[in-house]
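Asker: Quick one, what's the 3D model for this:
(one chain, ligands or ions: 1)
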Amino acid sequence: MAPKKLLCLPSLLLPLLTLLLPQADTRSFVVDPDHDRFLLDGAPFRYVSGSLHYFRVPRVLWADRLFKMRMSGLNAVQFYVPWNYHEPEPGVYKFNGSRDLFAFLKEATLANLLVILRPGPYICAEWEMGGLPAWLLRKPKIHLRTSDPDFLAAVDSWFKVLLPKIHPWLYHNGGNIISIQVENEYGSYRACDMSYMRHLAGLFRALLGDKILLFTTDGPEGLKCGSLQGLYTTIDFGPADNMTKIFALLRKYEPRGPLVNSEYYTGWLDYWGQNHSTRSVPAVTKGLENMLKLGASVNMYMFHGGTNFGYWNGADEKGRFLPITTSYDYDAPISEAGDPTPKLFAIRNVISKFQEVPLGPLPPPSPKMTLGPLSLHLDGNLLAFLDFLCPQGPIHSILPMTFEAVNQDHGYMLYRTYLTHTVSEPTQFWVPNNGVHDRAYVMVDGVFQGVLERNMKRNLFLTGKKGAKLDVLLENMGRLSFGSNSSDFKGLLEPPVLGQTVLTQWLMFPLKVDNLVKWWFPNQLLKSSHPQTPSGPTFYSTTFPILGSGGDTFLFLPGWTKGQVWINGFNLGRYWTKRGPQQTLYVPRPLLFPRGALNKITLLELENVPLQPQIQFLDRPILNSTMHKTYIYSLSDESASEPMELSGH
Ligand SMILES: CCCCNC(=S)N1C[C@H](O)[C@@H](O)[C@@H](O)[C@H]1CO
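Answerer: So this is what the prediction gives:
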């Protein structure tokens with residue numbers, strides 16, 4: 001829906017008003033190379049922008065977050081468009097509800113914020129597969145982010161749907177989008193395929209016209225392969241980097257025009273199993289002030305981080321596979337729960353030295369709610385619900401198949417085989433070539449045997465009788481979102497080995513866990529009386545009313561190990577209490593039914609539950625639990641069963 005023109009005014013007023021308002025054909029946002037600045041409608045302009053990802057914030061909270069950004073003194077908001085969030089299957093497009101990109105654009109307009117749009121196709125962002133759809137990997141030999149014809153065909157098809165919808169929102173067409181980024185830090189990717197970048201630039205020009213400012217963003221080391229003639233070159237760096245040196249390097253690629261830092265890091269991302277990341281207020285504000293003094297335009301990454309709900313977190317590879325946490329708080333100026341922080345007020349103070357900030361106070365932190373402890377009851381082992389989790393039945397194959405090969409993009413898949421001989425002595429069970437992507441929960445005849453984990457836990461020992469059922473639940477912990485030199489396929493990538501026997505003849509059960517939680521459990525009048533061995537993948541739940549008017553809250557799962565949480569059918573994301581550093585999950589108030597109605601919480605605990613299966617809702621987050629162990633896997637030792645513990649407290 002294009003922005004509404006002023007067509008509803010009485011006809012006598014319209015001619016007068018249109019004389020006063022800048023007309024679409026006089027609206028412009030351009031580079032002024034003679035004065036190293038931007039011009040907005042012909043007047044000198046510098047943007048002070050912040051990143052907020054609509055796909056990490058419930059739609060009902062978009063206006064609140066954008067208002068707080070405006071009140072912080074920002075005049076623009078920068079955000080990505082994740083391709084996989086909007087095209088879940090080839091040719092199936094979703095722009096409704098929490099995916100309504102155009103409603104978000106309208107909210108940004110209402111907040112009086114200009115927009116810097118970054119539609120990819122790759123976005124990184126610690127998002128699942130960097131925003132690329134997993135269904136691309138159904139062609140296993142595809143070369144992502146290159147001029148591979150299969151990749152370009154999918155990219156063209158997507159952008160021929162998206163970019164015409166963006167066109168009316170361009171600033172010179174009456175919208176609020178002032179610039180658009182092509183790809184994302186392409187110079188950090190190994191391919192350096194300039195025909196790919198030229199293809200994208202041509203496609204963007206063909207679909208968006210020749211007036212919109214197109215740009216690239218790269219780190220200092222990526223400018224060579226990331227920049228392209230005809231696209232304005234911008235750079236990204238953080239508070240600890242040498243601004244003078246980096247901007248001097250940028251000038252080699254963009255000798256004239258405004259200096260632009262498209263990602264000034266106000267904080268940083270968190271990985272499960274690593275300590276919580278922070279960036280100090282003085283360091284962030286000092287760097288910001290130095291850039292503003294130079295007249296640079298700056299986008300702060302992130303200004304509000306939000307949450308990786310569901311299965312949407314990505315991962316990095318730094319010596320080993322590192323999944324990103326559910327919280328994307330990022331130590332950003334606006335906290336994950338939407339609260340202004342001291343960092344926000346310090347940044348607002350810096351901005352006020354250079355340009356007007358809106359008068360009036362920032363809204364106070366939102367009301368918070370505490371509740372509990374609440375006891376959860378056992379619904380049953382995951383295996384007890386297999387018929388409902390995989391209604392179409394299993395797929396049979398001699399060798400195990402990947403998630404992508406069976407069209408299961410996210411979540412969980414059960415692999416089942418039957419022992420062809422009895423193993424009476426504890427016998428090593430492992431998957432060659434680090435082939436568990438990413439975590440496996442192993443059962444024999446329904447009895448939990450333990451966990452295998454990519455890079456971290458390569459084998460376990462088990463016994464079993466001939467004909468026993470060997471079940472391996474595979475968890476996809478999120479596909480690599482950065483720097484991956486190969487496609488991150490998920491599942492059992494190799495046939496497992498038991499002792500000296502390569503196990504073949506597998507049944508694959510792609511599991512629709514969200515459907516079970518949303519549609520089957522709520523209709524269960526009587527509690528299912530499944531045989532209970534409360535260990536391994538197991539569902540627990542309870543219902544609860546909120547007290548008073550409720551508020552934002554933080555789910556705390558003391559003693560639980562690792563799993564997934566749903567509240568009223570909404571997939572809140574992963575928890576991993578045992579590994580940290582995140583110990584709580586943000587629960588936005590709008591997810592909870594008001595007083596008088598019952599809310600339902602369901603947990604899928606993958607390993608072991610506490611003696612008291614209880615949960616609590618706290619009024620504050622715990623994101624920085626000191627890591628009790630720093631794990632490292634000795635890459636040389638293929639059969640190492642346990643990672644070495646580098647430090648214990
Ligand atoms: C560990 C390096 C992860 C690579 N990502 C980097 S450098 N970043 C640049 C990237 O463009 C952005 O999307 C974010 O991913 C950001 C980190 O938050």
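
Asker: from here on, contacts and neighbour counts on C-alpha atoms
Answerer: Will do.

Asker: Run through the residues that contact Trp520.
Answerer: Applying Cα atoms under 8 Å, 6 or more residues apart in numbering, we find Trp520 in contact with Phe388.

Asker: and Asn349, which of the three is it?
Answerer: Under DSSP: H, G, I helix; E, B strand; the rest coil, Asn349 falls in the helix class.

Asker: Please report how far Val447 lies from the ligand.
Answerer: 38 Å (Cα to the nearest ligand atom, to the nearest Å).

Asker: for Thr325, same thing?
Answerer: With distances defined as Cα to the nearest ligand atom, the gap from Thr325 to the ligand amounts to 12 Å.

Asker: Tally up the residues packed near that residue, please.
Answerer: Counted with other Cα atoms under 10 Å, the neighbours of Thr325 add up to 30.

Asker: cool, Tyr47 as well?
Answerer: The burial metric for Tyr47, expressed as a neighbour count using other Cα under 10 Å, is 19.

Asker: do the same with Pro426
Answerer: Each residue near Pro426 was counted by other Cα under 10 Å, and the total is 12.

Asker: Contacts only, for Leu132.
Answerer: If you count contacts by Cα under 8 Å, 6+ apart, then Leu132 has 82-84, 121-123 around it.

Asker: Now the residue of the chain found nearest the ligand. Nearest residue, chain neighbours left out?
Answerer: Evaluated by Cα to the nearest ligand atom, the chain has Ala125 as its residue closest to the ligand, separated by 3.3 Å. With Cα to Cα, 6 or more residues apart in numbering as the measure, Ser481 is the residue that lies nearest to Ala125, at 7.1 Å, once sequence neighbours are left out.

Asker: since we're on that neighbour, how many residues are nearby?
Answerer: The tally of other residues near Ser481 (other Cα under 10 Å) stands at 25.

Asker: before we move on, what about Gly238?
Answerer: A count of nearby residues for Gly238, using other Cα under 10 Å, gives 21.

Asker: pretty sure it is touching Ser262, no?
Answerer: No - counting by Cα atoms under 8 Å, no contact exists between Gly238 and Ser262, whose distance comes to 10.5 Å.

Asker: Quick check on the contacts of Leu132: which are buried?
Answerer: With burial judged by 16 or more other Cα atoms under 10 Å, the buried subset of the contacts of Leu132 is 82-84, 121-123.

Asker: Out of the residues you listed, which comes closest to Leu603?
Answerer: Checking those against Leu603 with Cα to Cα, the nearest one is Asn84 at 25.8 Å.

Asker: what residues are up against that closest one?
Answerer: Asn84 makes contact with 131-134 under the criterion Cα under 8 Å, 6+ apart.

Asker: Which of those sits closest to Thr402?
Answerer: For Thr402, the nearest member of these is Ala134. The distance, counting by Cα to Cα, is 11.7 Å.

Asker: quick one: contacts for the closest one?
Answerer: 84, 404, 409.

Asker: now, which of the residues you listed lie within helices?
Answerer: Among the contacts of Ala134, the members falling in helices (DSSP state H) are Asn84.

Asker: Any regions of the chain where pLDDT drops low?
Answerer: Low-confidence segments of the chain, defined by pLDDT under 70: 1-25, 522-534, 626-649.

Asker: if we go to 50?
Answerer: Judged by pLDDT under 50, the chain has its weakly predicted residues at 1-2, 4-8, 24, 525-526, 531, 629-649.

Asker: What parts of this structure come near the ligand?
Answerer: Taking Cα under 6 Å from any ligand atom as the test, the list of the chain residues beside the ligand reads 123-126, 184-185, 268-269, 482.

Asker: try 8 Å
Answerer: Near the ligand, the residues belonging to the chain are 123-126, 130, 184-185, 217-219, 236, 263, 265, 268-269, 301-302, 316, 318, 481-483 when assessed by Cα under 8 Å from any ligand atom.

Asker: Is it correct that Leu419 is in contact with Lys466?
Answerer: Yes - here Leu419 reaches Lys466: they are 5.1 Å apart, a contact under Cα under 8 Å.

Asker: Of those two, which one has the most company?
Answerer: Regarding Leu419 and Lys466, a neighbour count based on other Cα under 10 Å identifies Leu419 as having more, with 18 against 13.

Asker: residues in contact with the more buried one?
Answerer: Under the criterion of Cα under 8 Å, 6+ apart, the neighbours of Leu419 are 464-470.
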